[in-house]
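Undergrad: Predicted coordinates and the sequence they were generated for:
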Amino acid sequence: MTRSVTPQLRSWAACREKIRHLRLRGDVAAYVDGELTGVHRARVAAHLGRCWSCSGDAESLRLIKTSLRNGPQRAPASLASVRLRRFASRLAAPAGFAPSGRYQQIQRNQQNQQE
C-alpha cells in the first residue's frame, strides 16, 4: 500500500521549510561567531548543510571576519593631528609659496611613511 503525497501536503512541507529557513537565517552570524550551544547549534548546522543560501552567507561572514582579524591594526589619524600637520606644513613653506595639491600629496605621503 503506497501513500500518495497530495499537493496540499507538499505545499505545507515547503511552507514549513521556508518558515524554518527564515527563523534560522538570523542565527547564522551567531553560529559563525560560536555563540550558539547545544541543540540550537546542531539545528543551525543541519540547516547550513541543506541551505545553499545560508551556507554561502556563513562562508562570507567567515571570510570577512578573518580578513578583519588579519588586517592592519593601525587606527586612522585623528582630525586634530591632520589639521596640525597641515598648519605646520603651511608655516614651513617659503614666504609667498602656496603649495599645490601635488606638493601637499607628496608631503602627506612622506609623513605617512615616517609614521
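TA: Thanks, I have the structure now. Numbering: from 1, shown residues only.

Undergrad: make it CA atoms for all contacts and neighbour counts henceforth
TA: Noted.

Undergrad: and Tyr31, how many neighbours?
TA: Tyr31 has 19 neighbours, counted by other C-alpha atoms under 10 Å.

Undergrad: For the helix or strand hosting it, enumerate the helices and strands it packs against.
TA: Using DSSP states H and E, Tyr31 sits in helix 28-32. If contacts are counted by 3 or more C-alpha pairs under 8 Å, 6 or more residues apart in numbering; DSSP states H and E, helix 28-32 sits against helix 38-50, helix 52-70.

Undergrad: Dump these into TSV; add mean neighbour count and mean pLDDT as well.
TA: Formatted as TSV, the helices and strands packed on helix 28-32 follow (neighbours: other C-alpha atoms under 10 Å; pLDDT from 0 to 100):
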stretch	mean neighbour count	mean pLDDT
helix 38-50	14	89
helix 52-70	14	86
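
Undergrad: want to try a markdown table for those helices, with distance to Arg83 as columns?
TA: Output for these, formatted as a markdown table (distance: least, C-alpha to C-alpha, whole Å):
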| stretch | distance to Arg83 |
| --- | --- |
| helix 38-50 | 50 |
| helix 52-70 | 28 |
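
Undergrad: could you check the distance from the closest residue to Ala45 other than its chain neighbours over to His21?
TA: Counting by C-alpha to C-alpha, 6 or more residues apart in numbering, Ala45 lies nearest to Tyr31, which is 8.0 Å off, once chain neighbours are set aside. Using C-alpha to C-alpha, to the nearest Å, we find Tyr31 at a distance of 14 Å from His21.

Undergrad: cool, and Cys15?
TA: In terms of C-alpha to C-alpha, Cys15 sits 10 Å off from His21.

Undergrad: Just want to know which of those two has more residues nearby.
TA: Taking other C-alpha under 10 Å, Cys15 and His21 do not tie; His21 has more neighbours (18 against 12).

Undergrad: Can you give me every residue that contacts that one?
TA: His47 (C-alpha atoms under 8 Å, 6 or more residues apart in numbering).

Undergrad: Got phi/psi on Thr37?
TA: Backbone torsions for Thr37, taken as degrees, to the nearest 10, come to phi -140, psi 160.
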